[in-house]
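S.K.: need a 3D model of the sequence below.
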Amino acid sequence: MKTVKRQGYQWAAAICVVASINTAQAAINNGGLAIQALGSGSAGEMFLNVWDQAAATSYSIDLGTTVESFLAGKQASTSWNLDQRFVDWASLTSDPLTFNVAGNNSYVGVNDADFGVLMSRRTGSSAPGGIAMTTLATWGNKVMARANALNINQDAQNGDASNTDFPLNLSEVTTNNISSYFNNTWGASMNIAGWVGSAVVRNGETPDQTVNFFFVHSPGGAVAGGTPAVFDKLGGFLSLDVANAKLNWTSTAAPVPVPGAVWLFLSGMLAVLRVQKRSGFSSAV
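M.R.: You can find the predicted model right below:
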């Protein structure tokens with residue numbers, strides 16, 4: 001586990017403010033200090049939000065995958081199975097549906113290159129411009145605030161949920177103005193001006209949209225409030241399969257080539273096995 005690295009910048013303290021507002025957090029480990037004492041513990045977890053605008057209801061779920069582990073395995077395609085609550089909710093919703101995904105990773109210090117947020121952006125939308133570290137801190141606050149709002153509602157809908165229930169991957173369906181996806185607290189833009197954070201699915205004859213994934217993070221080292229943050233566009237896209245209740249990450253990253261030495265080793269092992277097999281046959285005659 002990484003050691004928390006401290007910086008003396010007053011602006012960086014803002015990254016923790018929103019996380020400490022609510023005390024009824026439940027399942028989503030949002031990477032905030034209110035969840036993890038002194039910044040220790042696991043990275044923040046990713047979460048999915050889906051919106052039915054016509055019915056003014058939304059569904060959200062803790063995906064149970066940390067930002068850190070997703071980034072470590074981003075070259076591999078993967079899927080998340082959604083729960084029965086999604087199946088029941090989706091069967092009653094109107095078309096179209098809108099979705100986005102985010103995750104916060106601010107438990108490390110601001111001078112660590114892993115300090116940042118994962119945020120979806122609609123495939124085909126123009127690439128975002130640069131932002132300073134002060135703005136990244138604000139974005140991190142918005143993601144944490146959304147996670148906190150979800151946690152409060154999940155706590156109400158999932159009985160015995162508590163702030164240590166990270167493995168449960170809880171979900172919620174809500175029309176609540178504080179925690180719902182469709183209001184100004186979050187919305188299609190993730191409450192970030194100019195950020196096209198969502199995609200539309202199940203929209204009549206129009207093909208389903210997908211979203212790309214960006215890791216916006218610190219460059220690492222000595223940073224100040226005006227230091228530019230780094231935008232990493234991950235090689236792949238996220239799609240929502242409503243009919244099969246799945247969120248899919250389709251990787252477009254080139255597979256890591258197997259070193260030649262590994263192939264030589266495997267060839268040698270196969271040769272040894274063949275010799276042993278033949279020896280076994282001859283001894284049995």
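
S.K.: so where does R146 fall, helix or strand?
M.R.: Assigned by DSSP states H and E, R146 belongs to helix 133-157.

S.K.: from the contact counts, what lies against the next helix or strand after that helix?
M.R.: Following helix 133-157 in sequence order, the next helix or strand is strand 171-174 (DSSP H and E). The contact analysis (3 or more Cβ pairs under 8 Å, 6 or more residues apart in numbering; DSSP states H and E) places strand 171-174 against strand 57-66, helix 84-92, helix 133-157. In short, each C-beta sits where N, CA and C put it, glycine included.

S.K.: out of those, which comes closest to S251?
M.R.: Of all the helices and strands packed on strand 171-174, it is strand 57-66 that lies closest to S251, at 14.1 Å by Cβ to Cβ.

S.K.: pairing partners for the closest one, with directions?
M.R.: For strand 57-66, the paired strands and their directions (DSSP bridges) read strand 45-52 (antiparallel), strand 171-174 (antiparallel).

S.K.: so what pairs up with the closest residue in space to T175 that isn't next to it in sequence in the strands?
M.R.: Setting aside the residues directly before and after it, T175 is nearest to T57 in space (Cβ to Cβ, 6 or more residues apart in numbering), at 5.3 Å. Counting by DSSP bridges, T57 forms beta bridges with D52.

S.K.: please report how far T57 lies from F231.
M.R.: 33 Å (Cβ to Cβ, to the nearest Å).

S.K.: so between those two, which is more surrounded?
M.R.: Between T57 and F231, T57 has the larger neighbour count (other Cβ atoms under 10 Å), namely 20 against 16.

S.K.: where does the stretch 1-150 of the chain dip in pLDDT?
M.R.: Along the stretch 1-150 of the chain, the model assigns pLDDT under 70 to residues 1-42.

S.K.: who's in contact with A132?
M.R.: 225-229 (Cβ atoms under 8 Å, 6 or more residues apart in numbering).

S.K.: swap in P219?
M.R.: With Cβ under 8 Å, 6+ apart, P219 has these contacts: 113, 227-230.

S.K.: in helices, which of these appear?
M.R.: Members of the contacts of P219 lying in helices (criterion: DSSP state H): none.

S.K.: scan those and report the most crowded one.
M.R.: Counting neighbours by other Cβ under 10 Å, A229 leads the contacts of P219 with 21 neighbours.

S.K.: coming back round to it: so how far is A113 from the residue nearest to T175?
M.R.: For T57, the distance to A113 - Cβ to Cβ - is 39 Å.
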